[in-house]
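Peer 1: With the input below, show me the fold.
(chains A, B, C and D)
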Number of protein chains: 4
Amino acid sequence: MESKYRELKERAWAANMEIPRRGLAIYTFGNVSALDAKAGVFAIKPSGVAYEKLQVDDMVVVDLEGRIVEGTLRPSSDTRTHIVLYRNLKGLGGIVHTHSTYATGWAQACMPIPIYGTTHADHLAEDVPCTALMTDEAVGRDYETETGNQILECFRNRNPLHTPMVLVAGHAPFAWGETAEKAVYNAAVLEELAKMAFITRGLSPEAARLSDRLIRKHFERKHGQNAYYGQK
Amino acid sequence: MESKYRELKERAWAANMEIPRRGLAIYTFGNVSALDAKAGVFAIKPSGVAYEKLQVDDMVVVDLEGRIVEGTLRPSSDTRTHIVLYRNLKGLGGIVHTHSTYATGWAQACMPIPIYGTTHADHLAEDVPCTALMTDEAVGRDYETETGNQILECFRNRNPLHTPMVLVAGHAPFAWGETAEKAVYNAAVLEELAKMAFITRGLSPEAARLSDRLIRKHFERKHGQNAYYGQK
Amino acid sequence: MESKYRELKERAWAANMEIPRRGLAIYTFGNVSALDAKAGVFAIKPSGVAYEKLQVDDMVVVDLEGRIVEGTLRPSSDTRTHIVLYRNLKGLGGIVHTHSTYATGWAQACMPIPIYGTTHADHLAEDVPCTALMTDEAVGRDYETETGNQILECFRNRNPLHTPMVLVAGHAPFAWGETAEKAVYNAAVLEELAKMAFITRGLSPEAARLSDRLIRKHFERKHGQNAYYGQK
Amino acid sequence: MESKYRELKERAWAANMEIPRRGLAIYTFGNVSALDAKAGVFAIKPSGVAYEKLQVDDMVVVDLEGRIVEGTLRPSSDTRTHIVLYRNLKGLGGIVHTHSTYATGWAQACMPIPIYGTTHADHLAEDVPCTALMTDEAVGRDYETETGNQILECFRNRNPLHTPMVLVAGHAPFAWGETAEKAVYNAAVLEELAKMAFITRGLSPEAARLSDRLIRKHFERKHGQNAYYGQK
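Peer 2: Below is the predicted model of the structure:
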C-alpha cells in the first residue's frame, strides 16, 4: 500500500514546487525529475498539471527504458529527454527543464551566455553552452529523444557536473545536479546569470570575458579539491 | 430572484480576477468576457471598476446586439469590440483585453512578435500578428466596433482558435479562447512571449525564426490530432 | 484636542501609503500632499520618514506661505515645490513626487515620453513633457522653489489637469490631480507609460507617435464632454 | 553563557536578513558584517548558509586579524575583504557584499555608473566608481585580501563615507556605512541607481552627467554642514 518510491516522489515533488516559487515558470511550464540510481527509476512531474494543484502522488515513476513503474497520470512529455540524459551523463541525480524568461531569451537567440563575471565563475568555468539547432531530419524522428541527443552532442567533451546547465537552441534551458534540489538551484542560478549577462551586454556589447586565471580561482573556491566556500 | 446567468457571471468574474493576479493590468485596465453561445449572451466586466472591488454581481450580461440583459452598471467601454469578435470569429467562448506591459510595447511599435522559440510554437504556429493602424476615417466611425473590424481584417485568412491572440497596432493586445479561463491563459502566455522576444531581439536583432519543421512539431505536440501533451 | 485637519491628514497619509504599495519608491523616497483649497493649507509627508513607520499624525499641515500650521515633524524637503505648484496651477488637489524607476530613467535622459499608444492617450493627449535643465544660477537660489518654477515654465501653455504629470530633467517625475488619490494614480500610470515606452523604443527607435485623430478619440473617451468610460 | 557580542550579532543578523527582503541576493549570495570598533571585532554571516535558515547565533565574530572570537560556523569566504576595508577605510561600521542584478551587470561591463540624476547625487557626488580588473598575479596571492586591496587602490583619493559603494570589476558591488543597517541601505540604493542608469543609457547612450552645481546642491542637501533633509 505504502509506495516504496514515496521518498523519491516527495523529493521530486518538492523540487517541482520550487519552480513557481523561484519564478522559473508560469502555469504548467517546466518539469523536474529525481533519480534513484540504484533502482534505475526516476520520479517526474505529470504532463500539463498546474503547480498549484500538484500533489506528491501525482508524480510518475518511470524506469530508464521509459516504462511507467508507478503512477496513474501521464509523465511529462519531456520524459524521454530526461532518460537520454540520465543514461549518458554520469552522476546526475536530478534534471530540470524550464522556460525561464532570460535564459529562454538567450536560447532563442542561439547564443551561449558569456562568462562575464564571478557570479558565473562560481558555478561553471565556461560560457553557458548553447546546442546546435535541431535539424529537420532529427525533428522527424523521436523528438524528445533527439532533444536529449542535441544536448549530448554539445557535452561530448564536457563534464556535466562541472557545467550543470545548457541552452537548447530555439527552445529553452535544461539544468541538472547531483540531486533534484541542486538541479533546481542550478536552474535558478542560470536565470540570474542570463539576466545579469543581458544587462552587461546591453551596456557594452564588447564586454570581455573574465580572465582564465580569475575563472579558475572562483570555480575552485567552490568546487576544487581545496574548496573553502560553505560549511565543511 | 436567482439569476439564470449566475454561473456565467461567476466564470466571467473569476477570469477577470486573474488579470491582476497574473500581473496583466493595473487599476481598472483590461476586461474579460465569457460567452454563453446558446443563449447568445455574454457577461463582461463593468467599465472603470477596480479589480479589488469587483463583485460577481457587478458583471453585466449583454446580448450580441449590445443590449443589456442583466446588470445595473455600464458594461466595459470595449463591449462592442467583444461583440464583433463573438459574431465573426467562430468557436470563441471568452475574450480578454489587457494593456500588459511587454505586449503593449510591441503593439505600440506596430510589430508582430516573431516566433523565435518553442514556447511560442507551443501556443501558435506563426508570429503573433499585429493589425494595421486604424485609419482616421475609421476612428471617426464607431470606434469600438472599428477596433473589432481591425482585428477581423487581420484574421481574414487565419483560424482564430489556432492563433488565439493579436496585437492591435498603437493600442494593446486582445486574446481569446474556447473559455474565458483559456482566454486569460492565452493573454498571460502572450505577455511572457512578448518579454522573451524583447530579450532575444535585444541580444540579437537578426535572430532567426524557428524552422517551419520545428514550429509544426511543437504546435502539433499540443494541438494536433495526435497531441500528446497533458492528460487525456 | 481633535485636529480640525484630521481628515486632510488621513487623506494625505493614505495617498502616501500607496507609494510603496504601487512600487513607486523605496525607503523614504517620494512624498504626497493633499490640499484643502478653502482653508489654504495642505498636509504633506514629513521629511526622511520611512513608509513602514509613517502614521497619520506624522503628517505636517502647511499653509501656502510655507508656515507650519500643525505637526511636530519637519515637512518634506520638497514642500516649497508643492507650494509653487498649488499657487500657480489651478485645480490641483494633490501632488506627488516620486523617483519611480522608469520615469526617472527618462527624466535623467532629459527626454519627453512619446505618446506611442492608447494607454498613454487615455490619460494625456501629448508626450509626457520634460522640463529644461535647471540653470546653475537657479540652483544657487532657493532650490525647491526653483524646481517649482522649472515646472511652471514648462506648463506656460499647458492645462495641468489635462497633462497631470511632468518629468523634471535630470531629476524625477511629479504628478498631480484633483485629489491626492488621483495624483498617486497618475504617478503610477506615468511609471507604466514610461516602462511601455522604454520597451517600444528598444524595439523600434523610429516608432511613430499615435495619430492626432486617435489621440483625441482616446483622450475624449475618458475626459471629453461626452466621456463614456467608467460609471456615471 | 550570554555572549557579550549578542547585540553585535543581532545587528549583523538583522542587516543580513534585509538582503533577501530587498531583493539584493538569491540563495546564499551576499553577506553583511557589523563592526564593534572599540572591541576591534565584527560579526559576519557564516559561509554558504541560506537566509531562510539564518539564526542570530549563526553569526561569526571575528577580530581584525581574522581570528574567530565566537561562533561555531566558518565565517563568509569574503571575511578577509571585510578586514582589509575595516582596517583601512576610516569610519566604517558595516560592510555589505551582494551580487545584486543591475549593479553586477555594470561591474561585469567594468563601467562606473554615471551620475545621471539627483537620486544618485542625493547619495554620492560622483559616478559609482569601478575598480581596475585584478591582475593574474594578484589572483595568485591571497584572493580575498587582494579584493580588499583592489578597492583600496580605487579609494586612494576618495572619502569612503562620501562614496559609500563601489563596483569590483568583473565581480560585483560592495557598499558600506557608519552602521550595518546604513550599509544595506546603500547597497539597495546602489541597485536602484544601477537600474535607473541602465534605463537612461538604453534611451540615450550620450546622456550627460548632472551639472557639478546640481550634484553639489543635492549632495549637500542630505550630507553637507547645512543638511536639511530628514528630521534633526
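Peer 1: quick one: stretch A:156-176 near chain D?
Peer 2: No - contact between stretch A:156-176 and chain D is absent, the nearest approach being 13.9 Å (criterion: C-beta under 8 Å from any C-beta of the partner chain). Using the backbone N, CA and C atoms, a C-beta is placed for each residue, glycine as well.
Peer 1: For that stretch, measure first residue to last.
Peer 2: The first and last residues of stretch A:156-176 sit 16 Å apart, counting by C-alpha to C-alpha, to the nearest Å.
Peer 1: Please point out which parts of that stretch sit buried.
Peer 2: By neighbour count with 16 or more other C-beta atoms under 10 Å in any protein chain shown, stretch A:156-176 contains the buried residues A:160, A:163-176.
Peer 1: And for stretch A:48-59?
Peer 2: Using 16+ other C-beta under 10 Å as the burial criterion, the residues of stretch A:48-59 that qualify are A:Gly48, A:Val49, A:Tyr51, A:Leu54, A:Val56, A:Asp58, A:Met59.
Peer 1: Stretch A:67-81 now?
Peer 2: A:Val69, A:Glu70, A:Gly71, A:Leu73, A:Arg74, A:Pro75, A:Ser76, A:Ser77, A:Asp78, A:Thr79, A:Arg80, A:Thr81.
Peer 1: Excluding chain neighbours, what is closest to A:Glu178?
Peer 2: By the measure of C-beta to C-beta, 6 or more residues apart in numbering or on different chains, the closest residue to A:Glu178 outside its immediate chain neighbours is A:Gly93, 4.7 Å from it.
Peer 1: which outside residues touch stretch A:11-21?
Peer 2: Stretch A:11-21 is touched from outside by A:24-26, A:30-34, A:42-45, A:51-52, A:54-56, A:58-59, A:94, A:96, A:98, A:179-181, A:183-184, A:187-188, with contacts defined as C-beta atoms under 8 Å, 6 or more residues apart in numbering or on different chains.
Peer 1: Out of those, name the ones that lie in strands.
Peer 2: Applying DSSP state E to these, the entries found in strands are A:Asn31, A:Val32, A:Ser33, A:Ala34, A:Phe42, A:Ala43, A:Ile44, A:Gly94, A:Val96.
Peer 1: Farthest pair within these?
Peer 2: For the ones in strands among the contacts of stretch A:11-21, the maximum inter-member distance is 13.3 Å, found between A:Ala43 and A:Val96 (C-beta to C-beta).
Peer 1: Beyond the helix of greatest length in chain A, next helix or strand please.
Peer 2: With residue count as the measure and DSSP state H as the assignment, chain A has helix A:180-203 as its longest helix. Sequence-wise, the next helix or strand downstream of helix A:180-203 (DSSP states H and E) is helix A:212-223.
Peer 1: and A:Ala175, that's in a strand?
Peer 2: Yes - assessed by DSSP: H, G, I helix; E, B strand; the rest coil, A:Ala175 belongs to a strand.
Peer 1: quick one: pLDDT of the residue in chain A that chain C sits nearest to?
Peer 2: The nearest approach of chain A to chain C comes at A:Gly202, 9.1 Å away (C-beta to the nearest C-beta). At A:Gly202 the predicted local confidence, pLDDT, stands at 98.
Peer 1: ok, back up a step: from the buried residues of stretch A:156-176, which ones fall inside strands?
Peer 2: With strands defined by DSSP E, the entries of the buried residues of stretch A:156-176 inside them are A:Met165, A:Val166, A:Leu167, A:Pro173, A:Phe174, A:Ala175, A:Trp176.
Peer 1: Distance check, A:Ser77 against chain D.
Peer 2: Distance from A:Ser77 to chain D, counting by C-beta to the nearest C-beta, to the nearest Å: 29 Å.
Peer 1: was I right about A:Ala188 contacting A:Gly30?
Peer 2: No - contact criterion C-beta atoms under 8 Å: A:Ala188 and A:Gly30 do not qualify, at 11.7 Å.
Peer 1: counting contacts, what elements does the helix or strand of chain A with the lowest mean pLDDT pack onto?
Peer 2: Scoring the helices and strands of chain A by mean pLDDT, DSSP states H and E places helix A:212-223 at the bottom, with a mean of 91. Applying 3 or more C-beta pairs under 8 Å, 6 or more residues apart in numbering or on different chains; DSSP states H and E, one finds that helix A:212-223 contacts helix A:118-121, helix D:136-140.
Peer 1: Dump the C-alpha coordinates for it into PDB.
Peer 2: Taking Å, rounded to 0.1, in the frame of the first residue of the first chain, the C-alpha atoms of helix A:212-223 are listed here in PDB:
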ATOM      1  CA  ASP A 212      41.100  32.500 -17.200                       C
ATOM      2  CA  ARG A 213      43.000  33.000 -14.000                       C
ATOM      3  CA  LEU A 214      40.000  34.500 -12.300                       C
ATOM      4  CA  ILE A 215      37.600  31.900 -13.700                       C
ATOM      5  CA  ARG A 216      39.800  29.100 -12.200                       C
ATOM      6  CA  LYS A 217      40.100  30.900  -8.900                       C
ATOM      7  CA  HIS A 218      36.400  31.300  -8.400                       C
ATOM      8  CA  PHE A 219      35.400  28.000  -9.700                       C
ATOM      9  CA  GLU A 220      37.900  26.200  -7.500                       C
ATOM     10  CA  ARG A 221      36.900  28.300  -4.500                       C
ATOM     11  CA  LYS A 222      33.600  26.500  -4.600                       C
ATOM     12  CA  HIS A 223      34.300  23.300  -6.500                       C
END
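Peer 1: Alright, I will stop here.
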